[in-house]
Structures are given as C-alpha cells and as structure tokens.
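> no FASTA, just this:
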C-alpha cells in the first residue's frame, strides 16, 4: 500500500477468500483492504493514537437516508452526549480532492450537522467548518485533539 502523510502504524492484515483484509479496531472485524480502506484505517489510528479520540465514539460506514436515498458516512466522531462532532470523508490516495468531494461532505453534513468536516486521501488532509456568514467553508490549520475539541467547537 502507498505511504501516507500520517504517522506509521502496525496493522493486522490477513489473506482470506483471495483478498487481503485489514482489521478495523472500531468495527472489530477484518475488512477488504482497498486503497480507500488503507486511508480510513490509518486515519482511524491517527484519531485514536495521536489525537486521543475514544474508539467507542467513532462510527465507521454508518448508513443514513438523505432525500430518500441511502448514503453512508466514512466516519463520524461523536461527543460523549452522542452528538456528531466530526464528519470524515476518506478517499483513496490517488483520488484528487476537488469541489465534488467537498460538495459530497457538505451535503452529508446537511443531515448530520457535525461542526467539523474532514476530508483526507491520506496524502492531503483538509479540516473545515461551515461559515454561516459567507455560506462557504472556513479551513482549519489542524484537527483539535479530543480533550480540546468541544471547547474548540464552542468557540466557533
């Protein structure tokens, strides 16, 4: 798998049914190792091990309905009160992060209403908040650690 712009982590990877599979510590299952899954698993480990987000507050690939269509989030981080804090969209490393990807995450966030949105392809990472004054996005310099995220959101 491609090297990413994230800290290096060790993973449980197996061969099963002719596919390489990687262990997801949030879902507690082995999942098919695709380029997008490689990014997702590295980013999960980044949130848990570097930014101290509790694994129990992270949801991976949860389905929801939006405009009568089934959609699926890559990842949502919740507060201890069960409110969405961060919506994460993961793409494969070779996928260019463009306006279409930002449109995707902002449309999902119309339903979920997470204060912070993150888009990553493992190489480039963008964290932003909806700017209600301009109607656009305001980009952040970093994702706050878990201990600071609720305070950070309160200051938005």
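Noted; the coordinates are in hand. No experiment lies behind these values; they were computed from the predicted model shown.
> strands along this protein, start to end?
13-16, 19-24, 29-32, 58-60, 63-66, 69-72, 75-78, 84-90, 116-120, 125-130, 137-140 (DSSP state E).
> if I look at residue 108, how far off is residue 55?
Look at residue 108 and residue 55: by Cβ to Cβ, to the nearest Å, they are 22 Å apart. C-betas here are computed from N, CA, C, even on glycine.
> compare those two (neighbour count), which wins?
residue 108 (20 against 14; other Cβ atoms under 10 Å).
> look at that one and report its pLDDT.
Predicted confidence (pLDDT) for residue 108: 90.
> and residue 137, bridged to which residues?
On the basis of DSSP bridges, residue 137 is bridged to residue 130.
> I figured it hits residue 127, correct?
No: under the criterion of Cβ atoms under 8 Å, residue 137 is not in contact with residue 127, lying 9.9 Å apart.
> return the distance of the lowest-mean-pLDDT helix or strand in the chain from the chain's centre.
Ranked by mean pLDDT, DSSP states H and E, the weakest helix or strand in the chain is strand 63-66, scoring a mean of 76. With Cα atoms, centre = their mean, to the nearest Å as the basis, strand 63-66 stands 16 Å off its chain's centre.
> go on, stretch 20-34?
Centroid displacement of stretch 20-34 relative to its chain, using Cα atoms, centre = their mean, is 15 Å.
> any low-confidence regions in this protein?
Scanning the chain for pLDDT under 70 picks out 156.
> scan it for its longest helix.
helix 99-112 (DSSP state H).
> outside of that helix, which residues touch it?
64, 66, 71, 73, 76, 84, 87, 89, 91, 95, 117, 119, 130, 137 (Cβ atoms under 8 Å, 6 or more residues apart in numbering).
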